[in-house]
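K.L.:
Sequence first, predicted coordinates after that:
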Amino acid sequence: MGSLSREVDEWTREPNLHPKRRPLTAAQRGVAAASSSDQFKTKSVKYKPKARRWHPYMSTESASRTGSSLKASVKHLSNPNVISLGGGIPLSDFIPFDEVILRPPSLDDLRQGKKCPSTSRTTLHATKHDIADGTSVYDLSVALNYGQGYGSAQFMRWITEHTEMIHDPPYADWQCSMTIGNTSALDMCLRMLTEPGDCVLADKHTFSTAIETAVPIGIKFIGVDMDPEGMLPDSLDEILEEWDPAAHKGAKKPSVLYAIPTGQNPTGTTQGLQRRRAIYRVAQKHDLIILEDDPYYFLQMDAYTSPDQDGPVAPEIQSPTEFLKRLIPSYLRMDIDGRVIRMDSFSKVISPGARLGWITAPEQLIERYKHHTDVSTQSPAGLSQLAIFKLVDEHWGHEGYIKWLMHLRNEYTMRRDFLVSACERHLPKQVVSWEPTEAGMFQWLKVDWKQHPDANNKTADALEEEIWLESISTGALVGRGCWFRASSDVARDEVFYRTTFAAAPLPKIEEAVKRFGETIRKMFELKEKS
Amino acid sequence: MLPVARAARLRALVVSRHGTAAMSLRTARCLHSRSSHLNSAEAAATAPPATHEAEYAPSLLSEIAARRARAGKLVAGIAAASDSDMFKGPQTGKPKAKRWDDHLSAESKSREPCSLKQAAKHLKQPGLISLGGGLPSSELFPLDELNMKVAMPPDFSENATASHGQQVSIGKYDVRDRDGTYDLSIALNYGQSTGSAQMLRFLTEHTEIVCKPPYADWRVCQTIGSTGALEQALRMFLDKNRGDSVLTEDFSFSTALETIAPLGVKAFGVPVDDQGLIPEAMDELLSNWDAKARGSRKPHLLYTVPSGQNPTGATQGLERRQAIYRVAQKHDLFILEDEPYYFLQMQPYTGRGQPDAPAPSNVEDFVSSLIPTYVSMDVDGRVMRMDSLSKVLVPGSRLGWIVASEQIVERYQRHAEVASQGPSGFSQVIVHKLLDETWGHEGYLRWLMNLRLEYTKKRDALLAACEDNLPRDLVSWTPPAAGMFLWFTVDHTKHPGAGTRSLEEIEQEIFDSCIKSGVLVARGSWFQTEKDAPLTSLHFRATFAAASPENMNAAIARFGRAVQDSFGRR
C-alpha cells in the first residue's frame, strides 16, 4: 500500500492544455473500431506503479462475463484485406442522413454577456465521407453506425487526454470507458462489485436515484455522518472498525464507498483536499473501492460573500490555468493504489440529453465494465458522440472546453449568489439555517423543527411533510430531506429541504424563496417579516 | 364487397401463393381510404358516393391524422411525462392483459417509483415554481441550432440525397419561437425514461399501424436499443435464486446468450427447422420438463427472434407463430419477441435468372405483405415486443422501443429511470425531425419498402456468390426470407477427421483459414445456446448486409476454399 506522497505543490502544477496528441490510425477511424486509453495517453507512465488487483471484489455476475464474441471478432478487420461477412452491421448507404450541421454559440459573445440568440455564425459540419476526404477523423458513416460499448476511438482520445490533464492518475494502468451517464454507470458498477445482501457505504444524505438503483439489486446503503464539508472520515472508520455482520443481517464488512465529493447531492457539501485525503486513508486502511460520482466537479464556485457584509470578493478568474488551479483535486488524482472508479458526465456541463459520460478506473475493472456494455448499453448514442465530439474536440479543443467551463462557473456562481441572498432576505434565520454551497446545483436548508408549535406531538417526518405540502400550496416546490436518507437506519430527527438554483429564472427563484419563507413563518407562527 | 376489402383479400391470396404466409382478412390492414378516387371526374360517373357501412375499414393513416388534429397541438416541455394512452385510438371491446406477478423477479417486484418524481404530480398546479429538480437551465446548452440533410422519397439513394436531399433544421427554441412541438431546449435536457412524448406519439401510432395489439392496455416505452431492452427484460423476469431459466432457439443470438449467462440462469435450446422454433418440440420439452435433471425449474420465459432469426436466418410464418403462441399459452410462458429484422422481410427468392416477384406497389401492400407480429395475436398480453431502429434506420441512434402490457411497461420504466434514464435526446430529436416531421408515417413506410428491395438485391447477390463458389455436396443453405444472415450447414460427416477430431477443432481450423485468406464469417459455436453440450453440427454465418456484391463474391470464394482445404479437397 502506498502513501499519499503528493504534496499540494504538485496539485497546482500547470496542466498542459495542448498535449502532443497521439495520432488516430486508419484502423481506429472505422466503424466500431477498437481502442483503449493506453493508445492515447500523452505522458509516460513508466515510473508509476500498477493498480492493485481486485479479483476478490468482483461479483459472480461480473466475473463470469466473457464479452461479446461478435465484437471481439472485429479485431480481425484491422487487416484491410479481410472482407467482413461477420457482423450484421448495415452499410452506411442505408442511413438516411447526408449531412449534419451544428451551430454552437460563440464563447466571446458569452463572455461579454450576450445572451441568446447568439450572433455566432460558426458552423460545425459532418458528412458521411469526411474520413474518406480527409477533412475529419470522425464522420457520419462511423458515428451513425454501430460502435464499441466504450465509445468511439475518436472520442476516447479526447477523454483520455482530458482525464490526464485534469486528474493525472498516479498509477500506470488506468483506463477510460465511455458511459451513457452516471446513473447507468453506477448501476453497472454496483452489479460489478456487490452481491445481493451486501452493504455499500454512502453519505448519510445521498442522491435518491443512487439509493433506488441499489435497493432492487439487494444492496443496502449505510449512511456515514456528515458535516459542512461532507462525509466524516472518523465516522467512516468507526463504522468499518465496529462492523458486526450480525447487526446487518449477516452482511460482510462493506468493500465499496459511494461518494459525491463535489457539490454533493442533496446537501451541496464539497469535501476539501484534506478531507479527501483523510477519507482516502480510511479507504486504504479498510481496502475500500471508492465510487467517485462527480458530475458537479466543474461547477465549483468561489466562496459566497453576502452583499450585506464587507468581505474580500474573490477576484475573477482570468485564465484557464487559474481556473484549473482552483479546482479541488479529485480522488482519482490522489489514487496511488488504483482503488477509485471515477464517474464523469457531460450532463451537468454540456447537455443531459446527450446521455454521455465516462468512467476512469484500473484496467482490470474497466475490462469488466466494457464486457458489460457489450451486452447492455451497446454503446453511447452515436448522434450524441458526434455532436459533443465536434464541439469539444474539433471546435473548442481542450482549452476552449475549459473556457466554456469558466463561463459555467460564472453563471452558477451568479445563480448561487442570487439564491443564497434571496434566502437571507426571505427566510427566518431563527428557524432555517444553511451553509452557502460552494459547488453544484443545490442549496440544502435545515429547519429547526423543534421550534414548531406541534413539535411535542408530531414527528419530524410528519412536520416535514406538512411544511412541504403547505409550501406547494403557496406555489413553491422544494425537495424533501427524507427522500435522500441513505437508509431507513438514518435517524429521523431532522428536517431538511433541498433547493436548486440551476433551473428556474432568477425572478422566479426570488419568488419561490419568498413563498417558502412565508410558509415557514406561517407554520411556525412567527411574526410577519418586518 | 367494397373494393378495399376485395383488394385486401386479393393481396392475401397473392401472399399465400408465394408461400410467405397465409394472411387472413382479419390481419390484412388497410391504410388509405380510397374515397379520394371519387374526386376523379371519371370515377364520379360510375361510383356511388362513399358511405359508412359496418364493413367499411377506415384508413388508418388518415384516422391517425384526424386524431392528431382533434387532439390539438402536442404540448410537452422538458421531461414531460407521457404514455401511449394519450396517443392511442379507441380500444373498445378489447380485454385487458393478464397480470404477470408470478413471472416477475424479486428485483423487479421491489422497484419503487423514483422519490424525486413524487413531486411531479404537483407540477400541474398553475403558478408553481419548482426549486425541486436538479435540471440545468437550457440556456446553458452550448448549441443554438442543428441542421441536417436527409433522404426523401421516392429516391432514397445516397446520390439523390447528396444532390437534392431535404434540408431540415432544429432550433433551440422552436417550440417558443416557431410554433414547433420539439426542440433542442427540450431534447438536450433531462427526459423521462419512456423517452419524449413527441417520439412516443409517433411510435404508438406506428405500433397501431403495424401490430394492432388485440388487448386494451398495451403501451410503448422507448429503449436504448434491443440489447439494453433485453438485459432489462431478463432482469425483470429471471431470478437465479428461483432456479429460473429461459427457452430460445438452439442456435440463438450470441449477444443474447452472453447477456443471459452472467445473470446466473440457464438458457435451453428448442430445436429449429427452416421456419425457426418447432412448436411440437417446444411443447414436448416443456411437458416432460424434469427440473432436477435440468437443474432449473420449468421455464416461464421464451426469447425468440421470429423474423430473419440471428444466426439461422429462419423466419416463422403466420401459422408457425400461432402454434408457438398456443404452446406459450398452454405452459404460461411470457414471450420476448426480439424483432430488429421485422422490416427486412424480403421478396420471395425466385432463383437465379427467374423474374423477380412483383414488388409491393404501395405502402398498404407493403404492410399487408408482412407476417403478423406476435403482438398482433397477443390476446393475453403475454408478449414484450422489442423494436429497434438499428437495422432499418440508424444504429448510432441507440433508439428502440418495446410494446407490452401496462404492468410490464411500468416495471420496465422503473428500471430504466435508475439505469439508462431513457434514450439520447440528440437521437430522439433528430429521428423525430426525420420520421415525424419530415417523412410522416407514410414516408417512413416507403423508406422501409425501399429497404426491402435493397436487401432483396443484396441477399440475391450473396446467394449467387454461394451458388458459384461453394461445394454443394459439403455446404448447404436455405435462402432467407428476412434479415441479414445466411446460415451455412457444413456436412461434417464428410470431413477426413470425422470421428477423430472434435467439431470445435474443425470449426476453428476453417475459421482461422478464412481469416488468413481474407474473409470474416461468424462461427456457429458462438451461437450455440447450450454451451456445455458438445457441438453436433458445423455451421457458419454470413451476412449480406455489410459488403458490396463484388466483395461478397470474393469473400464467399475464399470461404469455399477454406472449407475445401479443411476437407482435403485440394
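P.N.:
Happy to help now that I have it.
K.L.:
Please make it C-alpha for all contacts and neighbour counts, starting now.
P.N.:
Noted.
K.L.:
who in the stretch 301-450 of chain B is up against chain A?
P.N.:
B:391-398, B:418-421, B:423-427 (CA under 8 Å from any CA of the partner chain).
K.L.:
Would you state the strands of the stretch 401-550 of chain B in chain order?
P.N.:
For the stretch 401-550 of chain B, the strands defined by DSSP state E, counting those that start in this stretch cover B:475-476, B:485-490, B:519-520, B:522-523, B:538-543.
K.L.:
Quickly compare these and say which is most buried.
P.N.:
strand B:519-520 (a mean of 29; mean count of other CA atoms under 10 Å in any protein chain shown).
K.L.:
Okay, now the unreliable bits of chain A?
P.N.:
A:1-13, A:114-120, A:309-314, A:528-530 (pLDDT under 70).
K.L.:
residues in contact with A:His426?
P.N.:
By CA atoms under 8 Å, 6 or more residues apart in numbering or on different chains, the contact set of A:His426 is A:Val513, A:Lys514, A:Gly517, A:Glu518.
K.L.:
Chain neighbours aside, what residue packs nearest to the second one?
P.N.:
So that's A:Lys514. Counting by CA to CA, 6 or more residues apart in numbering or on different chains, A:Lys514 lies nearest to A:His426, which is 5.2 Å off, once chain neighbours are set aside.
K.L.:
Now the one you found: phi and psi?
P.N.:
phi -110, psi -10 (degrees, to the nearest 10).
K.L.:
Between the contacts of A:His426, which sits nearest B:Phe527?
P.N.:
A:Val513 (60.0 Å; CA to CA).
K.L.:
and stretch A:473-484, is it in reach of chain B?
P.N.:
Yes - using CA under 8 Å from any CA, stretch A:473-484 reaches chain B at A:Thr474, A:Gly475, A:Ala476, A:Leu477, A:Val478, A:Gly479, A:Trp483.
K.L.:
Get me the contact residues on the stretch 151-300 of chain A for chain B.
P.N.:
Taking CA under 8 Å from any CA as the criterion, the stretch 151-300 of chain A approaches chain B at residues A:180-181, A:183-187, A:208-210, A:212-213, A:215-218.
K.L.:
From those, which land in helices?
P.N.:
Assigned to helices by DSSP state H, the following of these qualify: A:183-187, A:208-210, A:212-213, A:215-217.
K.L.:
if we can go back for a sec, from the residues of the stretch 151-300 of chain A next to chain B, list just the buried residues.
P.N.:
Burial by neighbour count, 16 or more other CA atoms under 10 Å in any protein chain shown: within those this picks out A:180-181, A:183-187, A:208-210, A:212-213, A:215-218.
K.L.:
How is A:Gly223 assigned, secondary-structure-wise?
P.N.:
Of the three states, A:Gly223 takes strand under DSSP: H, G, I helix; E, B strand; the rest coil.
K.L.:
Name the residues linked to it by a beta bridge.
P.N.:
On the basis of DSSP bridges, A:Gly223 is bridged to A:Ala202.
K.L.:
Okay, it and chain B: tell me how far apart.
P.N.:
From A:Gly223 across to chain B, the span is 18 Å (CA to the nearest CA, to the nearest Å).
K.L.:
What segments of the stretch 451-570 of chain B are helices?
P.N.:
Counting by DSSP state H, counting those that start in this stretch, the stretch 451-570 of chain B has helices at residues B:503-517, B:549-566.
K.L.:
Kindly report the same for the stretch 101-250 of chain B.
P.N.:
Along the stretch 101-250 of chain B, the segments classed as helices by DSSP H, counting those that start in this stretch run B:106-109, B:158-164, B:174-177, B:184-187, B:197-210, B:226-237.
K.L.:
who does the fourth one touch, helix- and strand-wise?
P.N.:
Think helix B:184-187. Here helix B:184-187 touches helix B:425-432, going by 3 or more CA pairs under 8 Å, 6 or more residues apart in numbering or on different chains; DSSP states H and E.
K.L.:
what does the second one give?
P.N.:
Using 3+ CA pairs under 8 Å, 6+ apart as the contact criterion, the neighbours of helix B:158-164 among helices and strands are strand A:97-103, strand B:145-150.
K.L.:
so what strands line up beside the longest one?
P.N.:
When pairs are called by DSSP bridges, strand A:97-103 turns out to pair with strand A:124-127 (antiparallel), strand B:145-150 (antiparallel).
K.L.:
any chance of those strands in TSV, plus mean neighbour count?
P.N.:
Output for these, formatted as TSV (neighbours: other CA atoms under 10 Å in any protein chain shown):
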stretch	mean neighbour count
strand A:124-127	20
strand B:145-150	21
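K.L.:
Figure out which of the ones you listed is closest to A:Ser235.
P.N.:
Of all the strands paired with strand A:97-103, strand B:145-150 comes closest under CA to CA, at 49.6 Å.
K.L.:
Contact partners for A:Asp98?
P.N.:
A:Thr127, A:Lys128, A:Leu140, B:Met148, B:Lys149, B:Val150, B:Ala151, B:Glu158, B:Thr161, B:Ala162, B:Gly165.
K.L.:
10 Å - rerun?
P.N.:
A:92, A:126-129, A:140-141, B:148-151, B:158-163, B:165-167 (CA atoms under 10 Å, 6 or more residues apart in numbering or on different chains).
K.L.:
Of those residues, keep whichever come out buried.
P.N.:
Buried residues within these, counting neighbours by 16+ other CA under 10 Å: A:92, A:126-129, A:140-141, B:148-151, B:158, B:161-162, B:165-166.
K.L.:
Out of the residues you listed, which comes closest to B:Pro136?
P.N.:
Checking the buried ones among the contacts of A:Asp98 against B:Pro136 by CA to CA gives B:Met148 as the nearest, at 26.0 Å.
K.L.:
how many neighbours does the closest residue to that closest one other than its chain neighbours have?
P.N.:
Nearest non-adjacent residue to B:Met148, counting by CA to CA, 6+ apart: A:Val100, 4.3 Å away. A:Val100 has 24 neighbours, counted by other CA atoms under 10 Å in any protein chain shown.
K.L.:
Let me know whether my guess that A:Arg53 is in a helix holds.
P.N.:
No - judged by three-state DSSP, A:Arg53 forms no part of a helix; its state is coil.
K.L.:
Just give the number of residues close to it.
P.N.:
14.
K.L.:
now swap in B:Ile324 and tell me
P.N.:
Residue crowding around B:Ile324 was assessed by other CA under 10 Å; the count is 21.
K.L.:
Would you quantify the distance from it to chain A?
P.N.:
26 Å.
K.L.:
cool, B:Ala120 as well?
P.N.:
On the measure of CA to the nearest CA, B:Ala120 and chain A end up 10 Å apart.
K.L.:
for that residue, what are its contacts?
P.N.:
A:Leu477, B:Ala80, B:Ala81, B:Ser130, B:Gly132, B:Gly133.
K.L.:
show me where pLDDT drops low in chain B?
P.N.:
Ranges of chain B meeting pLDDT under 70: B:1-58.
K.L.:
per the record, what domains does it have?
P.N.:
In the domain annotation for chain B, the residue ranges read B:3-58, B:67-89+B:144-346+B:360-452, B:454-566 (automatic domain parsing).
K.L.:
can you tell which of those domains is closest to A:Ile388?
P.N.:
For A:Ile388, the closest of these is domain B:67-89+B:144-346+B:360-452, at 10.1 Å, according to CA to CA.
K.L.:
For that closest one, measure first residue to last.
P.N.:
By CA to CA, to the nearest Å, the extent of domain B:67-89+B:144-346+B:360-452 from end to end equals 30 Å.
K.L.:
can you count the residues close to residue 95?
P.N.:
As the question left the chain open, I've gone with chain A. Using other CA under 10 Å, A:Ile95 has 25 other residues around it.
K.L.:
Actually, chain B is the one I wanted.
P.N.:
14.
K.L.:
for the one 10 residues further on, same thing?
P.N.:
Per other CA under 10 Å, the neighbour tally for B:Ser105 reads 19.
K.L.:
Quickly list what A:Tyr497 is bridged to.
P.N.:
Bridge pairing for A:Tyr497 - DSSP bridges - gives A:Leu445, A:Arg480.
K.L.:
Assess the claim that it and A:Ile520 are in contact.
P.N.:
No - A:Tyr497 lies out of contact with A:Ile520 (CA atoms under 10 Å); the separation is 11.8 Å.
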